[in-house]
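[1] pasting the structure only:
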């Protein structure tokens, strides 16, 4: 077991946890929910994964709070959301939001990666269901030809489940950490 690397995650519906497990498996290291991590442990690389909700990275506040304990380590952050990670506008939006959540010095030290997850309406909290209803309503107003694959997935699967998770997308992150 590689004791120099840890994967920390905050997952509401399991998609971020799945990516964390895949990454930890490839790197032969442990993965742990952020509520159980000891930031004082002597890791050389800290990988954090958080889901995207209304543009915010779930759990990132806890990582920011512990920055002094990890600032001399390699820090990697990955996000998991329903948006298309090949869409430049989507990535720009994620980065802009992350800059608001993460102080400048810390932000400049982090290597970011972006993965696609999914949605399971039945598992969602009332607040997240409300957000998805609002998102579906707004996306439905877009002309069909302007809708992205992500837009169509949200509209078509509203009230159900879809999963864009792809184990193969972690390879670049894994190479970066080795």
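    Here it is on my side, so go on. Treat the numbers as computed from the prediction; the structure is a model and nothing was measured.

[2] alpha carbons only for contacts and neighbour counts from here, please
    OK.

[3] Name the SS class of residue 43, please.
    coil (DSSP: H, G, I helix; E, B strand; the rest coil).

[4] Thought residue 7 was touching it, still the case?
    No: the pair residue 43 and residue 7 fails to qualify as a contact (Cα atoms under 8 Å) at a distance of 10.2 Å.

[5] Between these two, point out the one with more neighbours.
    residue 7 (25 against 16; other Cα atoms under 10 Å).

[6] In three-state terms, label that one for me.
    strand.

[7] Then residue 19?
    Relying on three-state DSSP, one would call residue 19 helix.

[8] quick one, what contacts it?
    Neighbour list for residue 19: 165, 167, 170 [criterion: Cα atoms under 8 Å, 6 or more residues apart in numbering].

[9] so what's residue 81 scoring on pLDDT?
    Note on residue 81: pLDDT of 89.

[10] how many other residues sit next to it?
    24.

[11] now do residue 77
    Counted with other Cα under 10 Å, residue 77 comes out at 22.

[12] any idea which helix or strand carries it?
    According to DSSP states H and E, residue 77 maps onto strand 74-81.

[13] Which secondary structure element of the chain has the lowest mean pLDDT?
    helix 149-156 (a mean of 79; mean pLDDT, DSSP states H and E).

[14] now the most centrally placed residue in the chain: how far from residue 6?
    What sits nearest the mean C-alpha location of the chain, by Cα atoms, centre = their mean, is residue 79, with 2.0 Å. Using Cα to Cα, to the nearest Å, residue 79 is found at 16 Å from residue 6.

[15] Could you do residue 68 as well?
    17 Å.

[16] Please say which of these two ends up with more neighbours.
    Remark: of residue 68 and residue 6, residue 6 carries more neighbours, 25 against 11, as counted by other Cα under 10 Å.
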